[in-house]
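> Kindly generate the corresponding structure for this input.
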Amino acid sequence: MQVPVIAIDGPSASGKGTVASRVAAALGFHYLESGALYRLVALAAGDVPERAATTMDVAFVGDRIYLAKQDVTELLRNEATGNRASEIAKLPAVRAALLERQRSFRRPPGLVADGRDMGTVVFPDAVVKVFLTATAQARAQRRYKQLIDKGNSANLATLSRALEERDQRDATRTVAPLKPAADAVSVDSSALTIDEVVDQVLKRYRERMIRQ
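Sure, this is the predicted structure:
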């Protein structure tokens, strides 16, 4: 039997990263935050992002992320890096270069992968596919709280506009646009807690395993 994959896709600030990491911990699975790879390319790219996608020296150690042996975890989370990553993600050569790197995370006993095309492109055979979303207002509030909690300044209206612009870029790019897989279950997390969403994903996974 192939190593099982749970694919969790959705727009920025939908909560997919937190949900995916908790599901992985609950099941003892590996975890792939695919967006971090695009953010790493944004940091390492210079003028040739396609080359950086292939050659960059990356290490994931616990909840820390290293680029060329330097801890860049916090730098990856800022809005400028995220917006640059969204632009880079439109480049077919970058997506092709990162495809095998992402698939290499698939190891026993299983993998939970979050991103924007995990269920449609990277792991089309995932046993569970979830498209996690939330209203733009709810997502902006979450991002605002994250930034404020870390001591960063933030403007809610600016964040909301940035999220809407990024949604538009991700949904309309010609390569692997942000959209639910045909067999994905859509979950609106606007009025749900993280624990409630995690429980839904775990329940669906266990039901699928029973049927197989």
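> quick one: which helix or strand includes the nearest residue to Tyr38 once chain neighbours are set aside?
Excluding its sequence neighbours, the residue lying closest to Tyr38 (C-beta to C-beta, 6 or more residues apart in numbering) is Ala85, at 4.1 Å. For the C-beta atoms, the positions are set from N, CA and C on the backbone; glycine is no exception. In this assignment (DSSP states H and E), Ala85 forms part of helix 79-88.
> Quick check, the residue nearest to Tyr38 in contact with Ala44.
No: assessed by C-beta atoms under 8 Å, Ala85 is found out of contact with Ala44, at 11.2 Å.
> coming back round to it: distance-wise, check the residue nearest to Tyr38 relative to Glu100.
19 Å (C-beta to C-beta, to the nearest Å).
> if you count what's nearby, which of these two comes out ahead?
Ala85 (24 against 10; other C-beta atoms under 10 Å).
> What pLDDT does the model give the more buried one?
Ala85 carries a pLDDT score of 91 in this model.
> From Ala26, how far off is it?
For Ala85 relative to Ala26 (C-beta to C-beta), the value is 28 Å.
> Ok, Gln200 next?
Gln200 is 12 Å from Ala26, by C-beta to C-beta.
> how much space between the residue positioned nearest the centre of the chain and Asn152?
Centroid-nearest residue in the chain, with C-alpha atoms, centre = their mean: Gly115, separated by 2.9 Å. Going from Gly115 to Asn152 by C-beta to C-beta gives 24 Å.
> and what of Val121?
Val121 is 33 Å from Asn152, by C-beta to C-beta.
> Show me which of the two is the more surrounded one.
Val121 (18 against 13).
> What residues does that one make contact with?
Arg95, Leu99, Ala176 (C-beta atoms under 8 Å, 6 or more residues apart in numbering).
> shaky segments in the protein?
Counting by pLDDT under 70, the chain contains low-confidence residues at 1, 212.
> does Pro109 count as helix, strand or coil?
coil (DSSP: H, G, I helix; E, B strand; the rest coil).
> Count the neighbours of Ala97 for me.
For Ala97, using other C-beta under 10 Å, the count is 20.
> That one sits in which helix or strand?
Assigned by DSSP H and E, Ala97 falls in helix 92-103.
> ranges for the helices of this structure?
With helices called from DSSP state H, the chain shows them at 16-27, 34-44, 49-55, 73-76, 79-88, 92-103, 136-149, 156-172, 194-211.
> Out of these, which gets nearest to Leu67?
Smallest distance to Leu67 across the helices of the chain (C-beta to C-beta): 5.6 Å, for helix 34-44.
> Quickly note the distance from Gly151 to Ser186.
For Gly151, the distance to Ser186 - C-beta to C-beta - is 35 Å.
> what do you get for Ala24?
21 Å.
> Those two: which is more packed in?
Ala24 (20 against 11).
> pretty sure the more buried one is touching Gly17, no?
No: the pair Ala24 and Gly17 does not pass the contact test of C-beta under 8 Å, sitting 10.7 Å apart.
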